[in-house]
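In: need a 3D model of the sequence below.
(chains A and B)
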Amino acid sequence: MTLDDAAAARAASDALHARVLSMIRAFELARPMPEPFDALAVDLSRFQHRRVPGYARLCAARGVDVRTITRAGQAPAVPADAFKLSRVFAFDDAEASVTFRTSGTTVGARGAHPMRHTRSYDAAALAFGRAMLAPDLPPQTPVIVIGPSAEEAPDSSLAHMCDLFAREMQGGGVGAAFVRAGAIDLAGLRARIGALRPGERAIVLATSFALVHMIDALAPELDGALALPAGSRVMQTGGFKGRAREVSADDLARDVARVFRIEPRWIAGEYGMTELSSQFWEATIVDPVARRGVYLEPPWARVVPVDPVSLDPVPEGEVGIARIEDLANVDSAFAVQTHDRVRRVHGGFELLGRAAGAAPRGCSIALDEMLSASSRIGP
Amino acid sequence: MTRSIDARVADVRRLLSAAEAVHRERARLVPAIAEASGLSREGVELGFESLEREATDEALRALVAAAGDAPHVHVILSANVFVAPLRALAIARAAAARVTVRPSARDPVLTHALVAAAGDAAIRVFDERDVAAPGAIASGEVHVYGRDETIAEVRARTSDRPGVIVRGHGAGLGLAVVTRSSEIHEVAGKIARDVVAFDQRGCLSPRLVVVEGDAARGRSFARALHEALTAWGERVPRGAALQGERAEATRWRSAVTFAGDVFAGADHAVAFAPAVAAWWPAPAGRHVQVVAHSDLEGLAAPLGPIAPFVVAVGTDDPARVCAALPPGLAGVRTMPLGRMQQPPLDGPVDRRRDMSTRARLR
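Out: Below you'll find the model as predicted:
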């Protein structure tokens, strides 16, 4: 890329970031979106087609001319596997300010999602996270992270997000993380919760796996073992793939509620991926009748269940694999094809786990068996 | 060891004679095997070329030595290519004076044909799904050929029987290495044959080809393999793929299209990526990932992560290639290109020592 070309790319990228930031700002102010989703999506697809050689190849292979498309759904989605095989970004390597990485797979590959800057990521995460987790909590609400700090896990998008929440919601992230060197600092966690003032509501951010470890460490005395002031919130994220112990979502929510002595409705699930810039949330905290397991999208992202063979959208209500359109993914892939099974329901989507690999016929090992691993790094 | 080595070799030879008889009347079996396996009829005919019908004494003595000794072997066949029952029965019969076999529910045809043709009173079909059912096995060995979940399930069902040892034979894949001295078009033709057999559903089937040389040579080979597979596809059409197999192919094709070049035909696809972060094998179903590597000496690092899955390495220069493989592939079976689906009948196809977890048929 020549200097002029790089400057032009940056200018084009900045303009697109500005447009998605306008959308996020409008959401925060409860105003109408400044432009249709499809308008920005189409422009993103054209930008990425021009700046990401792999995306141009993918479009060509699918016979898609991005100059003529009018809807987001017409643009091919970049497979999540591509982040493990190839470079999926629209700028020079030297311009990356941060690179988030997925956990390793059985065959050793980690996906990489470099970002030129995190302004859109941060704005998107904070706006929707705050809306779904803490719309009614005051500034400087304590944030407790049962996970590593961003300093300890600099390539974890989850650690970055938790650190961001700690900085922005409590006004400083120092001392907020209670997983160090892969182990939960239970004594530190207990001391931090014990230091909360009476009635001072807190936000706990944790992976499901860390919560299970915490519960195992506290058992059998779970009831109120780490009691939080009433009205405190818990975000849980991530699954158990490849982990030693699996727990049903309902059982985990019940035990978490017991440990923190909070109502189960104050626990909200979050779904995110290293390959994305936006996250999806259960509405349990903001909607008393919301169903657990149903995730909502922010206005700048969509989840479309598609057929795993044709990649065409499946009929409403049927299960497909998630094609995620994320307008905040300006410099990489605005549409990402995942292997997570989803179904549209009640204005959101149900997350049904990973798509099964090829059915066994013959003794050739399935690709999915070799590539199995969770997507986002967590404790 | 109660039976002599010669007696065991003779018992295995009876099975080879049975295989010869089955092979002679294969025309009668082809439609049923095609239906069960999903291969085209031409694919079944090609697969029959890999049915072992002869073996040297040296190979059979090696097989007897690898088989060990047990009073009773119960063979469970689930996910295998259709000719696999012969080797499974041969290993079991070499080990035991009593063999029971549970055919694959999906693909039982060849097992029944072989047992009938063998006329060996020591081998009996025992078509009971539950290995813990009365009469299945009280003591001896269970040889399970299938997916890891199947093996784990059998282990769990027999865990309360201290006299029963379970030997699992899981899934895997083949790797081919094209050295600098090989002529591209010649080896492409050979590897195409290895790919087409069983529509690549066998654990010997090459799904990753490493080409020694630069990117231009790698791309040339990928194109040559595409042309060879196109020609094979006209003679031996690919069979029907299951939904899961088609989904896996879509996933792989999308990713490799993003990463590099894909040479696709009606029945196959060959991908070449000049610079990828990881060497991933293609999925089964006549898909091949080609990578170029400047020299064999640097092979160990990029191959290390997939080593646990590799059952066989195809190459025309085994000494040089073996010296370059990662430690995880020490002792792996090497086969000449074009003959990867026809290993000698000298034991399980996987030669690594820990039979309980690593040995496989094909």
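In: enumerate the residues of the stretch 201-350 of chain A near chain B.
Out: Residues of the stretch 201-350 of chain A that fall close to chain B, judged by CB under 8 Å from any CB of the partner chain: A:308, A:309, A:310, A:311, A:337, A:339. Using the backbone N, CA and C atoms, a C-beta is placed for each residue, glycine as well.
In: for the residues you listed, work out which two are farthest apart.
Out: Across these, no pair lies farther apart than A:310 and A:339, at 15.3 Å, counting by CB to CB.
In: between the residues of the stretch 201-350 of chain A next to chain B, which sits nearest residue B:46?
Out: Relative to residue B:46, the closest of these is residue A:309; by CB to CB it sits at 26.1 Å.
In: can you tell me how far residue B:281 sits from chain A?
Out: According to CB to the nearest CB, to the nearest Å, residue B:281 and chain A sit 7 Å apart.
In: secondary structure class for that residue?
Out: Going by DSSP: H, G, I helix; E, B strand; the rest coil, the secondary structure assigned to residue B:281 is coil.
In: isn't it right next to residue B:209, touching?
Out: No. At 9.5 Å, residue B:281 and residue B:209 do not qualify as touching, with contact defined as CB atoms under 8 Å.
In: what residues are shared contacts of the two?
Out: Listed as contacting both residue B:281 and residue B:209 by CB atoms under 8 Å, 6 or more residues apart in numbering or on different chains are B:175, B:289.
In: ok, the two, which is more surrounded?
Out: Between residue B:281 and residue B:209, residue B:209 has the larger neighbour count (other CB atoms under 10 Å in any protein chain shown), namely 30 against 25.
In: and the more buried one, that one's in a strand?
Out: Yes. Residue state for residue B:209 (three-state DSSP) corresponds to a strand.
In: give me every residue that touches it.
Out: Residue B:209 sits next to B:175, B:176, B:177, B:178, B:191, B:221, B:225, B:288, B:289, B:290, B:291 when contact means CB under 8 Å, 6+ apart.
In: closest to chain A out of those?
Out: Closest approach between the contacts of residue B:209 and chain A, by CB to the nearest CB: residue B:289, at 10.1 Å.
In: does stretch B:44-53 reach chain A?
Out: No. Stretch B:44-53 does not reach chain A (CB under 8 Å from any CB); its nearest approach is 10.7 Å.
In: centre of the chain to that stretch, how far?
Out: Stretch B:44-53 has its C-alpha centroid displaced from the chain centroid by 13 Å (CA atoms, centre = their mean, to the nearest Å).
In: can you point out the buried residues in that stretch?
Out: For stretch B:44-53, the buried set under the neighbour-count rule, 16 or more other CB atoms under 10 Å in any protein chain shown, comprises B:44, B:45, B:46, B:47, B:48, B:50, B:51, B:52, B:53.
In: swap in stretch B:125-145?
Out: Under 16+ other CB under 10 Å, the buried positions of stretch B:125-145 are B:125, B:126, B:131, B:136, B:137, B:140, B:141, B:142, B:143, B:144, B:145.
In: circling back: give the PyMOL command for selecting the buried subset of the residues of the stretch 201-350 of chain A next to chain B.
Out: For anyone working in PyMOL, the buried entries among those, judged by 16+ other CB under 10 Å, can be selected with:
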select buried, chain A and resi 308+309+311+337+339
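In: just the buried residues of stretch B:125-145 that are near chain A?
Out: When contact is defined as CB under 8 Å from any CB, the buried residues of stretch B:125-145 meet chain A at residue B:145.
In: tell me the one among the buried residues of stretch B:125-145 nearest to chain A.
Out: So of the buried residues of stretch B:125-145, ranked by how close each gets to chain A (CB to the nearest CB), first place is residue B:145, at 6.9 Å.
In: in stretch B:317-324, what's buried?
Out: By neighbour count, and taking 16+ other CB under 10 Å as the criterion, the buried residues in stretch B:317-324 are B:317, B:320, B:321, B:322, B:324.
In: what's the spacing between it and its chain's center?
Out: 21 Å.
In: swap in stretch A:2-9?
Out: Per CA atoms, centre = their mean, the centroid offset for stretch A:2-9 relative to its chain is 31 Å.
In: likewise stretch B:83-94?
Out: Stretch B:83-94 has its average C-alpha position 13 Å from the chain's average C-alpha position, going by CA atoms, centre = their mean.
In: please apply the same query to stretch A:16-35.
Out: Distance of stretch A:16-35 from its chain centroid, counting by CA atoms, centre = their mean, is 19 Å.
In: nearest residue to residue B:38 in space, please, no chain neighbours.
Out: Excluding the flanking residues, the one nearest residue B:38 by CB to CB, 6 or more residues apart in numbering or on different chains is residue B:239, at 4.6 Å.
In: what's the one you found in contact with, if anything?
Out: Taking CB under 8 Å, 6+ apart, we find residue B:239 in contact with B:34, B:37, B:38, B:39, B:40, B:43, B:199.
In: pretty sure residue B:255 sits in a strand.
Out: No. Applying three-state DSSP, one finds residue B:255 to be helix, outside a strand.
In: assess the claim that it and residue A:79 are in contact.
Out: Yes. Counting by CB under 8 Å, residue A:79 is a contact partner of residue B:255 at 4.6 Å.
In: so where's the stretch 1-150 of chain A shaky on pLDDT?
Out: Segments of the stretch 1-150 of chain A classed as low confidence (criterion: pLDDT under 70) are A:1, A:105-108.
In: where along the chain do the helices fall?
Out: I went with chain A, as the question did not name one. In chain A, the segments counted as helices under DSSP state H are A:3-28, A:37-51, A:53-62, A:82-85, A:119-133, A:157-170, A:186-194, A:208-218, A:249-260, A:367-371.
In: chain B, not that one
Out: Counting by DSSP H, chain B forms helices over residues B:5-24, B:26-37, B:41-48, B:57-67, B:84-95, B:109-118, B:148-157, B:184-196, B:215-235, B:243-259, B:300-303, B:318-324, given from the N-terminal end onward.
In: pick out the shakiest of the ones you listed, pLDDT-wise.
Out: Mean pLDDT across the helices of chain B is lowest at helix B:148-157; the value there is a mean of 88.
In: tell me the contacts of residue A:93?
Out: Contact criterion CB under 8 Å, 6+ apart gives A:87, A:114 as the residues in contact with residue A:93.
In: swap in 10 Å and give it another go.
Out: Contacts for residue A:93 (CB atoms under 10 Å, 6 or more residues apart in numbering or on different chains) come out as A:87, A:99, A:114.
In: what's across from the last one in the sheet?
Out: Counting by DSSP bridges, residue A:114 is bridged to residue A:99.
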